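A.B. asks: return atomic coordinates for the entry below.
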Amino acid sequence: MQFELSTAHHDAGLLTTAVQALDPHATVVLDAGRGRLEVLASASSAQVLDALLGIGCVARPLEKEVHISGGSTCCGHCG
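C.D. replies: Below you'll find the model as predicted:
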């Protein structure tokens, strides 16, 4: 699942800690330049949003997933 972060400050360690509190095996990839976050976890989108909000990070799910981590959304057509 992917999210757009609306807060200006993005701390990858803090985001990872918040998500891994829900799922210790979660993978979190941050594209800080674009304010996008990809989360691979057993937690629901709503749970991840609540965890992010708990650390003061307001986010919304992306309607259309984008290429962030190099695998889950790759269609093979990047140049």
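A.B. asks: the residue nearest to L37 when sequence neighbours are not counted: what secondary structure?
C.D. replies: Nearest residue to L37, sequence neighbours excluded (CB to CB, 6 or more residues apart in numbering): F3, at 4.7 Å. In short, each C-beta sits where N, CA and C put it, glycine included. At F3 the chain is in strand, as set by DSSP: H, G, I helix; E, B strand; the rest coil.
A.B. asks: is F3 in contact with L62, as I believe?
C.D. replies: Yes - F3 is in contact with L62 according to CB atoms under 8 Å; the separation is 6.3 Å.
A.B. asks: for this protein, what spans make up the helices?
C.D. replies: 12-20, 45-54 (DSSP state H).
A.B. asks: contacting residues around the shortest one?
C.D. replies: Counting by CB atoms under 8 Å, 6 or more residues apart in numbering, the neighbours of helix 12-20 from elsewhere in the structure are 26, 28, 30, 32, 37, 39, 41, 43, 48, 51-52, 54-55, 57.
A.B. asks: rerun at 10 Å
C.D. replies: 3, 5, 11, 26-30, 32, 37, 39-41, 43, 47-48, 50-57, 59 (CB atoms under 10 Å, 6 or more residues apart in numbering).
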